[in-house]
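Peer 1: Below is the sequence, then the predicted model.
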Amino acid sequence: CRLEAGAEAHCVLTVRNGSSTSIVATGNGTRGAIFALYTLAETVLGVDPWWRVTDHAPAYATGGSLSLPADFSVVHAPPAFAYRGVFTNDEDLLGYFRHDPLGESVFSLDTWNMIFETLLRAKCNMIIPGTSPNPDERHIALANRRGLVTSQSHFEVMDFGAKEWLDGDVAPRAIYNWTTNPDVMAHAWKAAIDANKDKEMIWTVGLRGLWDYAMCPKDMSDSTCGALVSGAISNQTSWIRAADGPDAKIIT
């Protein structure tokens with residue numbers, strides 16, 4: 001199908017070989033192959049990419065046949081945007097009836113799996129999987145295993161669970177302070193990086209107080225606060241690159 005060079009380009013087409021015809025689904029890289037298979041499901045088998053959330057379940061049949069034109073071809077060029085994803089912000093409504101029986105995440109792992117599948121069927125490739133995960137939770141590993149890049153919101157810098165620090169009585173709130181306790185904060189941030197250094201990540205850096213409050217006290221000057229934030233981000237960036245390589249993808 002003369003795929004263009006570039007990440008995630010993929011196609012589905014019929015290929016004639018002597019007296020037989022095959023359906024071929026292929027793509028560039030692992031995600032290109034994933035997208036090719038889901039494109040086959042949609043265009044050949046009629047599976048609604050959003051069936052998990054629209055109740056348009058696929059119609060399964062045994063036996064029978066499908067007829068495709070001899071020149072059937074669906075080709076997708078490399079996407080214009082390298083990353084396309086969603087943020088399951090605050091875990092909203094699904095948390096009320098899809099609880100994780102282990103109490104680790106808001107959703108059950110099966111529910112996360114359906115969300116990940118739906119994103120891939122819709123040709124997304126990234127997710128911020130929740131507002132307050134801890135870095136070693138199973139659903140983050142599952143997102144990567146499914147083929148999704150994971151990232152974090154401003155609330156979970158480098159996937160560090162600031163909310164759990166606040167709610168879990170891990171340590172007094174006052175200790176979470178980059179000005180007075182940089183060694184403690186560095187230890188926590190480095191542990192979060194270490195938990196995910198082998199996954200495909202887009203790392204979020206920044207400096208924020210617990211529960212979305214400012215880190216800098218009100219009586220601190222803007223220039224001093226700016227230097228504090230810059231110092232924290234400089235350290236975070238260095239730690240990430242040391243763990244994940246010089247080409248680690250970092251945003252703020």
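Peer 2: Noted; the coordinates are in hand. Numbering: from 1, shown residues only.
Peer 1: Please count neighbours and contacts with C-alpha atoms only from this point.
Peer 2: Will do.
Peer 1: Can you list phi and psi of Ser151 for me?
Peer 2: Backbone torsions of Ser151, given as degrees, to the nearest 10, read phi -140, psi -170.
Peer 1: And Leu45, by the same measure?
Peer 2: According to degrees, to the nearest 10, Leu45 has phi -100, psi -10.
Peer 1: Pro101 versus Leu13, what's the distance?
Peer 2: 43 Å (CA to CA, to the nearest Å).
Peer 1: That should have said Tyr60, apologies.
Peer 2: 30 Å.
Peer 1: so Asp198 touches Asp244, yeah?
Peer 2: Yes. Between Asp198 and Asp244 a contact is recorded at 7.1 Å, counting by CA atoms under 8 Å.
Peer 1: for the stretch 101-250 of the chain, what are the low-confidence residue spans?
Peer 2: Along the stretch 101-250 of the chain, the parts satisfying pLDDT under 70 run over 164-171.
Peer 1: Please enumerate the strands of it.
Peer 2: Assigned by DSSP state E, counting those that start in this stretch, the stretch 101-250 of the chain shows strands spanning 126-128, 149-151, 201-204, 249-251.
Peer 1: Throw those into CSV and include mean neighbour count and distance to Cys1, thanks.
Peer 2: Shown next, in CSV, are these (neighbours: other CA atoms under 10 Å; distance: least, CA to CA, whole Å):
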stretch, mean neighbour count, distance to Cys1
strand 126-128, 24, 26
strand 149-151, 24, 27
strand 201-204, 21, 31
strand 249-251, 15, 31
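Peer 1: Make a markdown table from the ones you listed and add distance to Asp222 to it.
Peer 2: Shown next, in a markdown table, are the strands of the stretch 101-250 of the chain (distance: least, CA to CA, whole Å):
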| stretch | distance to Asp222 |
| --- | --- |
| strand 126-128 | 30 |
| strand 149-151 | 29 |
| strand 201-204 | 23 |
| strand 249-251 | 22 |
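Peer 1: That'll do, ta.
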